[in-house]
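Let's see this in three dimensions:
(one chain, ligands or ions: 2)
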Amino acid sequence: MKIKNICCLGAGYVGGPTMSVIALKCPEIKVTVVDLNESRIAAWNDENLDNLPVYEPRLAEVVGEARGRNLFFSTDVDNAIDAADMIFIAVNTPTKTYGEGKGMAADLKFVELCARQIARIAKNDKIIVEKSTLPVRTAETLQTILDSTGNGVKFEVLSNPEFLAEGTAIEDLFNADRVLIGGQQTPEGKEAIQSLVDIYAHWLKPEQILTTNVWSSELSKLTANSFLAQRISSINALSALCEVTEANVDEVANAIGTDSRIGPKFLKASVGFGGSCFQKDILNLVYLCRFFNLPEVADYWEQVIILNDYQKYRFAKKIISSLFNTVSDKKITFLGWAFKKDTNDTRESAAIYVAEHLIEDGAQIHVYDPKVPEAKIKADMRYLWELKGFTEQKIEAKLNQIYVYSDPKEALDQAHAVAVLTEWDEFKTYDWENIYIKMYKPAFVFDGRNILDAEKLTNIGFRVKGIGKG
Ligand SMILES: NC(=O)C1=CN([C@@H]2O[C@H](COP(=O)(O)OP(=O)(O)OC[C@H]3O[C@@H](n4cnc5c(N)ncnc54)[C@H](O)[C@@H]3O)[C@@H](O)[C@H]2O)C=CC1
Ligand SMILES: O=C(O)[C@H]1O[C@H](OP(=O)(O)OP(=O)(O)OC[C@H]2O[C@@H](n3ccc(=O)[nH]c3=O)[C@H](O)[C@@H]2O)[C@H](O)[C@@H](O)[C@@H]1O
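Numbering: from 1, shown residues only. Ligands and ions are numbered 1, 2, ... in the order given. As a prediction, the model looks like this:
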């Protein structure tokens, strides 16, 4: 089937960039991205491209070219579903916060609602594409819901997980290592797979487009994220050993990364990985393994999360113990709040958890992040404390321990310590001599990303503590 009209449910970090690139590369296909969130859609339609709801290098350029031509953002979900031959589901699939599987399983209620809405609206045959990250065998559930309307419409469900990383989304989409398309191995399933292959073939080579059965595709996405996160937890585990043995974790990473069997990527020790997906997807994998009665496999993967929590806690503890065992009423400046550089996304950012530990010890947290506004930072902390069941009064009191700045100089002025939580490039270019003069002494720098020149800072007079350095 030659696709002429695509609809995508969910205009978030995945739906927005992926559909913008498809629209850019396939000018003959009309692409409509819909969302229930009106303000998000309004931001996607904002004339000023600096106001797009997702910050990604080069995204504004892509949207600027395709929007209004064959790329549209709308809240009219029903009409977009009706008109489409192919519907991508790119809605959120967070960890469940209630009931069966709470804290572990993926919450599929948004995906299920999409399937029900499609089943209700569709009048002609459609291809449904799972773009959201889903537990293996979700396609079966979707197919059951879609097929139970009895209106004779035929649906083919494909799995097409997304591998882009935030901060490099456009680059990743333009030059994907691979795209993965899973479908039923029936003649109709194979035809649907080919329709999606044809779309990606507008800009990717045939060898970059992998096709599999639907279950392998679903499981490959969870597996890829688990392997990536496992590498970070592995190097972070060793960073703790480096700190007590005077080995240097960056040197160790380089030494092992030059072995072509290991490879150099994803070996950067840090304050801990964040982002909306690694933790959620591993928890989901662990839940699935327990569900299928594989406790040893579940325990193995769960350790990746346990180690990551330990790393964030260890960083906060090091700040407290270095500052003479208390940070009560001390000004601790956080450089960065986003979970990595070049994104405004803060979901599961290590900064949130480090801040929580320090606030618990009485610290005043002063934050500067070039892309994250005050409202977002406070909302992140509020969400965490609400989940813990804190009273409104307690939450308000804790929020008063957080100060957010749009000028890094003000954030750093008269601080007792600086903690680098995100690896934004601009932090490396600051006038550290001047910052030192204006800080309380001894002036501490805790580099949770190992991006600053520790030798230079030490020569200025700072007490510098990186990750995995003795
Ligand atoms: N953020 C990332 O870098 C990546 C995310 N993923 C996966 O993609 C999925 C989406 O992730 P994000 O884009 O980050 O989430 P997001 O939260 O940024 O966006 C999801 C959007 O879906 C909308 N939505 C929910 N229900 C809807 C419905 N019934 N109809 C229309 N819109 C609806 C929400 O309002 C929200 O704007 C998740 O499953 C995630 O695991 C996969 C690869 C990368
Ligand atoms: O499913 C998803 O959501 C996506 O998850 C990750 O992408 P993302 O979370 O956007 O960003 P990463 O570059 O993977 O970084 C994740 C976290 O790990 C940290 N990290 C990364 C690499 C490293 O060596 N060390 C390290 O601490 C980053 O700072 C960040 O906090 C994967 O890299 C994507 O392939 C996947 O599509």
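
CA atoms for contacts and neighbours, from now on please.
Noted.

ok, and the helix or strand in the protein with the lowest average confidence?
When the helices and strands of the chain are scored by mean pLDDT, DSSP states H and E, helix 138-147 comes last with a mean of 94.

From the contact counts, what lies against it?
helix 109-121, strand 155-159 (3 or more C-alpha pairs under 8 Å, 6 or more residues apart in numbering; DSSP states H and E).

Return the most buried member of the ones you listed.
strand 155-159 (a mean of 26; mean count of other C-alpha atoms under 10 Å).

and the longest helix for the chain?
The longest helix of the chain (DSSP state H) is helix 214-245.

For ligand 1, find the nearest of the helices and strands packed on helix 138-147.
Distance to ligand 1, taken as C-alpha to the nearest ligand atom, is lowest for helix 109-121 among the helices and strands packed on helix 138-147, at 4.7 Å.

and that closest one with ligand 1, contact?
Yes. Helix 109-121 is in contact with ligand 1 by C-alpha under 6 Å from any ligand atom, via Phe110, Leu113, Cys114.

and the first one, what is it in contact with?
Each residue near Phe110 by C-alpha atoms under 8 Å, 6 or more residues apart in numbering is listed here: Val91, Asn92, Thr93.

who's in contact with stretch 366-374?
Stretch 366-374 is touched from outside by 331-338, 343-346, 402-408, 411-412, with contacts defined as C-alpha under 8 Å, 6+ apart.

can the helices and strands packed on helix 138-147 go into JSON lines with extra columns for distance to Glu374 and mean pLDDT?
Output for these, formatted as JSON lines (distance: least, C-alpha to C-alpha, whole Å; pLDDT from 0 to 100):
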{"stretch": "helix 109-121", "distance to Glu374": "28", "mean pLDDT": "96"}
{"stretch": "strand 155-159", "distance to Glu374": "37", "mean pLDDT": "97"}
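
Surely Phe446 is in a helix?
No. Phe446: not assigned to a helix; according to DSSP: H, G, I helix; E, B strand; the rest coil it is strand.

now, which of the contacts of stretch 366-374 lie close to ligand 1?
Okay, of the contacts of stretch 366-374, nothing touches ligand 1 (C-alpha under 6 Å from any ligand atom).

Reformat the helices and strands packed on helix 138-147 into CSV and put distance to Val179 next to each item.
Formatted as CSV, these follow (distance: least, C-alpha to C-alpha, whole Å):
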stretch, distance to Val179
helix 109-121, 21
strand 155-159, 11
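
what would those look like in a markdown table with distance to ligand 2?
Formatted as a markdown table, those follow (distance: least, C-alpha to the nearest ligand atom, whole Å):
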| stretch | distance to ligand 2 |
| --- | --- |
| helix 109-121 | 16 |
| strand 155-159 | 14 |
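
For Val136, find the nearest of the ones you listed.
Smallest distance to Val136 across these (C-alpha to C-alpha): 10.0 Å, for strand 155-159.

Give me the helices and strands touching that closest one, please.
Going by 3+ C-alpha pairs under 8 Å, 6+ apart, strand 155-159 lies up against strand 126-130, helix 138-147, strand 179-183, helix 187-200, helix 214-245.

Quick one: distance of it to the chain centre.
Its chain's C-alpha centre lies 25 Å from the corresponding centre of strand 155-159 when counted by C-alpha atoms, centre = their mean, to the nearest Å.

again, but for stretch 251-269
23 Å.

Likewise for stretch 158-169?
Taking C-alpha atoms, centre = their mean, one finds stretch 158-169 lying 10 Å from the centre of the chain it belongs to.

Pull out the buried positions in it.
Of all the residues in stretch 158-169, those buried under the rule 16 or more other C-alpha atoms under 10 Å are Leu158, Ser159, Asn160, Pro161, Glu162, Phe163, Leu164, Glu166, Gly167, Thr168, Ala169.

Got the domain ranges for this protein?
The record's domain split for the chain, according to the TED database, is 5-204, 226-466.

Export the ones you listed as a markdown table, with columns for distance to Ser217.
As requested, the domains of the chain are exported to a markdown table (distance: least, C-alpha to C-alpha, whole Å):
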| stretch | distance to Ser217 |
| --- | --- |
| domain 5-204 | 5 |
| domain 226-466 | 14 |
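
Which one of the ones you listed lies nearest to Val214?
With C-alpha to C-alpha, the closest approach to Val214 among the domains of the chain belongs to domain 5-204: 4.0 Å.

Now the terminal residues of the closest one, how far apart.
20 Å (C-alpha to C-alpha, to the nearest Å).

do stretch 27-44 as well
End to end - C-alpha to C-alpha - stretch 27-44 spans 19 Å.

sorry, back to before: between the helices and strands packed on strand 155-159, which has the poorest mean confidence score?
Among these, helix 138-147 has the lowest mean pLDDT, at a mean of 94.

what's next to that helix, contact-wise?
112, 115-116, 118-119, 130, 153-159, 214.

How about stretch 413-423?
271, 330-341, 350-351, 412, 435, 438-449, 451.

all strands for this protein, in order.
5-9, 30-34, 71-74, 86-89, 126-130, 155-159, 179-183, 209-213, 331-335, 364-368, 402-405, 417-420, 444-447, 463-466 (DSSP state E).

Could you dump those into a markdown table with distance to Tyr98 added?
Listed next are the strands of the chain as a markdown table, based on distance: least, C-alpha to C-alpha, whole Å:
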| stretch | distance to Tyr98 |
| --- | --- |
| strand 5-9 | 24 |
| strand 30-34 | 27 |
| strand 71-74 | 31 |
| strand 86-89 | 23 |
| strand 126-130 | 24 |
| strand 155-159 | 27 |
| strand 179-183 | 31 |
| strand 209-213 | 32 |
| strand 331-335 | 32 |
| strand 364-368 | 31 |
| strand 402-405 | 29 |
| strand 417-420 | 34 |
| strand 444-447 | 36 |
| strand 463-466 | 38 |
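
Rounded mean pLDDT for stretch 407-418, please.
The pLDDT scores in stretch 407-418 average 98.

and that stretch, how far out from the chain's middle?
In this view, stretch 407-418 has its centroid 28 Å away from the chain centroid, taken as C-alpha atoms, centre = their mean.

Check what pLDDT Thr149 gets.
pLDDT, Thr149: 80.

doesn't Ala122 make contact with it?
No. The pair Thr149 / Ala122 is not scored as a contact, 10.0 Å apart, by C-alpha atoms under 8 Å.
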